[in-house]
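Undergrad: Need a 3D model of the sequence below.
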Amino acid sequence: MADDASAISVLKQPSLTDTPDGPKDQLRSIGLTPDVWVTQFYQGETSGDGLKTWAYGGKMDAFLKVDAEKLGFWRGLRVNIQYEHYFGRNINNTDFALLPVNAAQAFVQRDGYHSALSVVFTQDFGERFSVSAGKFNTMTLASQTPLMGGGGIDTFMNRAFAAPATGIGVTSPGRLVDRLIVSPTYTLGALATFKTDFAKIALGIADPRNAQDPRVLERPFEKGVVAGGFVTVPTEIGGLRGFHTIRAYYSNARGFDLDDVIGLRARLAAGVPVTKKGYWFTGYAIQQYLVQSDANPAIGWGLFALATLSDGNPNPVRWSVLGGVGGNNLLAGRENDRWGFGFFHYGLAAPLLAGLNARGVHRRSEGGVETFYNLAITPWLRLSADLQIIDPWNQTKSRATYAALRLQTKF
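TA: I've put the predicted structure just below:
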């Protein structure tokens, strides 16, 4: 009987090693919360003009949350640490799409930065005001959204959903074909958050460059600064929760001047400036539950949508829109399963497309759809099936279909 009870406990505990009164439980009691997640992918392009190869690989995420007060330091100080490590292969860059079809493996990768470390310090001043500073993983932040989030390892895999455009960075000299063209996933900055009875307000500054580059940490803000913030207003319709978020940013940094793509090489050869100073970005997002669990309001499913608009120069993405439906499966015993269906479209700036086409490089705005189902075998072992259909930004290439299996283990 004791063995049966132990087996049942293992199948229900939140992680494989999170046993009652075990090491993780004891660490939490003194203010340390460690977690290790290993996510494996097997993904391939089943139709289209790409290589149609299949690749196996994965990513390890190690998290440590520190409660300084429990450790004997001052009240309200928290530290969040995340270490990521890439292994295996992926199919990003083997196709003709602009946005990575496997966001989780797009920013730590075999031929680039093999690992990444993010550290954020947060000081709470009461229950309503806090200040955070450090190196942020914006994909991890995006994963905290209830209906759409997941950071590429829980829900949607395409970068459009896993790490939506933030407008913090733009393409800069030397990185014209960089797939960070939408916004950097690692950001050095600071954020102040105010919680009121009616809204959550956040104001912050950031370095517009990708903080994976060691120079960003060595010489922060040497190329400019981004300033802005967002406001999230919770709503309730018929007893169902919803969230509306408006965000806006402005930067004094420089990006490629897209008004003269045709003459770019001549200007570079002549030493003429090829950049433009300053850019802006704004976005509106909504998430609305349509069904919620009576026992736990955080479990349910509903609609989500995001629309963004930028200056279009030097921002290479003039506008974007995505939307869909997703959340939890509320059938009895399957509440931990997650599912979703969504579409996206990234409208590239007209000067960029016109200039590329004039040079014989035929490109267009990119769009597609994605659907997934994430089966919770146990709370710590999840198996997903994912399907994407993409009209790539290379307009000479045909529509592509991608299929994937994903297995996540939480230790």
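
Undergrad: just the helices in the stretch 301-411 of the chain please.
TA: With DSSP state H, counting those that start in this stretch as the criterion, the stretch 301-411 of the chain has helices at 350-358.

Undergrad: and what of the chain?
TA: Counting by DSSP state H, the chain has helices at residues 2-12, 23-29, 138-142, 159-162, 214-218, 264-270, 350-358.

Undergrad: quick one: low-confidence parts of the stretch 251-400 of the chain?
TA: With pLDDT under 70 as the threshold, the stretch 251-400 of the chain has low-confidence stretches at 265, 268-269.

Undergrad: re earlier: and the helices of the chain as a markdown table, adding mean neighbour count and distance to residue 370?
TA: Placement of C-beta: from N, CA and C, glycine included. Below are these laid out as a markdown table (neighbours: other C-beta atoms under 10 Å; distance: least, C-beta to C-beta, whole Å):
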| stretch | mean neighbour count | distance to residue 370 |
| --- | --- | --- |
| helix 2-12 | 10 | 30 |
| helix 23-29 | 13 | 34 |
| helix 138-142 | 21 | 15 |
| helix 159-162 | 28 | 7 |
| helix 214-218 | 12 | 31 |
| helix 264-270 | 12 | 34 |
| helix 350-358 | 17 | 24 |
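
Undergrad: Which among the ones you listed is found nearest to residue 341?
TA: Ranking those by their distance to residue 341 (criterion: C-beta to C-beta) puts helix 159-162 first, at 10.7 Å.

Undergrad: so how far is the closest one from its chain's centroid?
TA: The chain centroid and the centroid of helix 159-162 are separated by 6 Å under C-alpha atoms, centre = their mean, to the nearest Å.

Undergrad: quick one: contacts of it?
TA: The contact list for helix 159-162, computed with C-beta atoms under 8 Å, 6 or more residues apart in numbering, reads 99-101, 103-104, 106, 139, 142-143, 148, 150-152, 155-156, 179, 182, 320, 322, 324, 342, 344, 346, 368, 370.

Undergrad: Filter these down to just the ones in strands.
TA: The subset of those located in strands under the criterion DSSP state E comprises 320, 322, 324, 342, 344, 346, 368, 370.

Undergrad: what about the closest residue to the last one other than its chain neighbours, how many neighbours?
TA: For residue 370, the nearest residue in space outside its immediate sequence neighbours is residue 388; the separation is 4.5 Å by C-beta to C-beta, 6 or more residues apart in numbering. Burial measure for residue 388: 23 neighbouring residues, criterion other C-beta atoms under 10 Å.

Undergrad: how close does residue 388 sit to residue 162?
TA: Distance check for residue 388 against residue 162: by C-beta to C-beta, to the nearest Å, it reads 12 Å.

Undergrad: Equivalent analysis for residue 103, please.
TA: Remark: distance between residue 103 and residue 162 (C-beta to C-beta) = 4 Å.

Undergrad: Overlap in contacts, those two.
TA: The contact lists of residue 103 and residue 162 share 139, 151, 152, where a contact means C-beta under 8 Å, 6+ apart.

Undergrad: min pLDDT across those, which one?
TA: Least confident of those in the model: residue 151, at 83.

Undergrad: mind pulling up the phi and psi values for that one?
TA: Reported as degrees, to the nearest 10, the phi and psi values for residue 151 are phi 60, psi 20.

Undergrad: residues contacting it?
TA: The neighbourhood of residue 151, defined by C-beta under 8 Å, 6+ apart, consists of 103, 104, 139, 140, 142, 143, 162, 163.

Undergrad: Over to residue 245?
TA: With C-beta under 8 Å, 6+ apart as the criterion, the residues that contact residue 245 are 230, 231, 232, 233, 283, 284, 285, 286.

Undergrad: What degree of burial does the fourth one show, as a neighbour count?
TA: What it means is residue 233. Using other C-beta under 10 Å as the criterion, the residues surrounding residue 233 number 14.

Undergrad: if I look at it, how far off is residue 110?
TA: Counting by C-beta to C-beta, the gap from residue 233 to residue 110 is 42 Å.

Undergrad: same question, residue 103
TA: Using C-beta to C-beta, we find residue 103 at a distance of 16 Å from residue 110.

Undergrad: Of the two, which one has the most company?
TA: Set residue 103 next to residue 110 and count neighbours by other C-beta under 10 Å: residue 103 wins out with 24 against 12.

Undergrad: I'd assumed residue 150 was in contact with the more buried one.
TA: No - here residue 103 lies out of contact with residue 150, judged by C-beta atoms under 8 Å, at a distance of 9.5 Å.

Undergrad: Now do the strands in the stretch 101-250 of the chain.
TA: 115-125, 129-137, 186-195, 200-206, 226-237, 240-256 (DSSP state E, counting those that start in this stretch).

Undergrad: Redo these as CSV? Include distance to residue 61.
TA: Below are the strands of the stretch 101-250 of the chain laid out as CSV (distance: least, C-beta to C-beta, whole Å):
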stretch, distance to residue 61
strand 115-125, 10
strand 129-137, 9
strand 186-195, 14
strand 200-206, 22
strand 226-237, 25
strand 240-256, 25
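
Undergrad: Of all the ones you listed, which one comes closest to residue 328?
TA: Ranked by C-beta to C-beta, the member of those that lies closest to residue 328 is strand 240-256, at 13.5 Å.

Undergrad: For that closest one, list the C-alpha coordinates in CSV.
TA: Written as CSV, here are the backbone C-alpha positions of strand 240-256 (Å, rounded to 0.1, in the frame of the first residue of the first chain):
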residue,chain,number,x,y,z
LEU,A,240,-15.3,36.0,-17.0
ARG,A,241,-11.9,37.6,-16.7
GLY,A,242,-10.2,39.6,-19.4
PHE,A,243,-7.1,41.8,-19.8
HIS,A,244,-6.4,44.8,-22.1
THR,A,245,-2.9,46.0,-22.5
ILE,A,246,-1.6,49.2,-24.3
ARG,A,247,2.2,49.6,-24.7
ALA,A,248,4.3,52.4,-26.3
TYR,A,249,8.0,52.9,-26.7
TYR,A,250,10.3,55.6,-28.1
SER,A,251,14.1,55.3,-28.7
ASN,A,252,16.8,57.7,-29.7
ALA,A,253,18.9,54.8,-31.1
ARG,A,254,19.9,54.5,-34.8
GLY,A,255,18.7,51.9,-37.3
PHE,A,256,19.1,51.3,-41.0
